[in-house]
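S.K.: The amino acid sequence is not available; the structure is as follows:
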């Protein structure tokens, strides 16, 4: 994608994100219409659907040749990432939205032929926006984020862990994960994958691990983390698919190999 095209697309996407966020803030205390999807903990609200419809209708009207991958069913059924593809989570952290009325985000990633061009993560209630354009660095409220520390001491690492998945999923060895928690400085769980990606890019966490995330959970964050020098793979160290669910480890590159070899892969050999 040419820089001029990317810049124009970024400005439009950012404007829509801020508009959608303002709408959510105005309605945050309205009565909620809440439904469940795959199970009782997989929530969807009318606001999720309203916000996604806002994005999809505007995208289709303004950029009819673009495709959309989105959480609530208003997007397209894609088998590849050819062309320009918007990958959208209208409210990432719906449980936080429902129970806390904060700690949730709008997440928009824009990819061209499978390459991440634009990433936007908007912490709606805190009014903090993380943005990135390929090759131009990552920003928090317009201020450029510094590159991640390439000499991170593993004993000083703070890692985002989704404990529910770690306990229930057999992709990892629980004993090794317990040892990991004892070895590093600390763990955090924020309940929004998008925000945990943003915090990794900011350097206030050193990585984030989850066993079962969807493309809309990670697409924007992958672009932002990459622009600060971080890396995102599956727990096998493989490229992430943005067409299906899978495991995710996004982190400072200085700790990636130790995480993969000593804790995520060792127990499955």
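M.R.: On my side now, so go ahead. Note that this is a predicted model, so its numbers are computed, not measured.
S.K.: Return the set of residues that bridge with residue 144.
M.R.: In this structure, residue 144 bridges to residue 139 when assessed by DSSP bridges.
S.K.: Tell me where this structure has strands.
M.R.: Remark: strands assigned in the chain by DSSP state E are 34-36, 43-45, 67-70, 84-92, 105-112, 115-123, 128-133, 138-140, 143-144, 158-161, 186-188, 207-213, 230-233, 246-252.
S.K.: Partner strands of the third one and their direction?
M.R.: Think strand 67-70. Strand 67-70 has its sheet partners listed here by DSSP bridges as strand 84-92 (parallel).
S.K.: So for the strand it pairs with, mean pLDDT?
M.R.: Averaged across strand 84-92, the pLDDT comes to 97.
S.K.: what's the spacing between that strand and its chain's center?
M.R.: Here strand 84-92 is found 10 Å from its chain centre; the criterion is C-alpha atoms, centre = their mean, to the nearest Å.
S.K.: what angle sits between that strand and strand 105-112?
M.R.: For strand 84-92 against strand 105-112, the angle by axes from the mean of the first three to the mean of the last three C-alpha atoms, to 10 degrees is 170 degrees.
S.K.: Tell me where the model's unsure across this protein.
M.R.: Low-confidence segments of the chain (pLDDT under 70): 34, 36-44, 163-170, 266-269.
S.K.: domains for it, by residue range?
M.R.: As recorded under automatic domain parsing, the domains making up the chain are 3-144, 154-268.
S.K.: thinking again about what came up before, distance to residue 55 added to the strands of the chain, as JSON lines?
M.R.: C-beta coordinates here come from the backbone N, C-alpha and C atoms, glycine included. JSON lines is the format used below for these (distance: least, C-beta to C-beta, whole Å):
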{"stretch": "strand 34-36", "distance to residue 55": "20"}
{"stretch": "strand 43-45", "distance to residue 55": "15"}
{"stretch": "strand 67-70", "distance to residue 55": "7"}
{"stretch": "strand 84-92", "distance to residue 55": "5"}
{"stretch": "strand 105-112", "distance to residue 55": "7"}
{"stretch": "strand 115-123", "distance to residue 55": "11"}
{"stretch": "strand 128-133", "distance to residue 55": "15"}
{"stretch": "strand 138-140", "distance to residue 55": "21"}
{"stretch": "strand 143-144", "distance to residue 55": "26"}
{"stretch": "strand 158-161", "distance to residue 55": "26"}
{"stretch": "strand 186-188", "distance to residue 55": "29"}
{"stretch": "strand 207-213", "distance to residue 55": "20"}
{"stretch": "strand 230-233", "distance to residue 55": "23"}
{"stretch": "strand 246-252", "distance to residue 55": "23"}
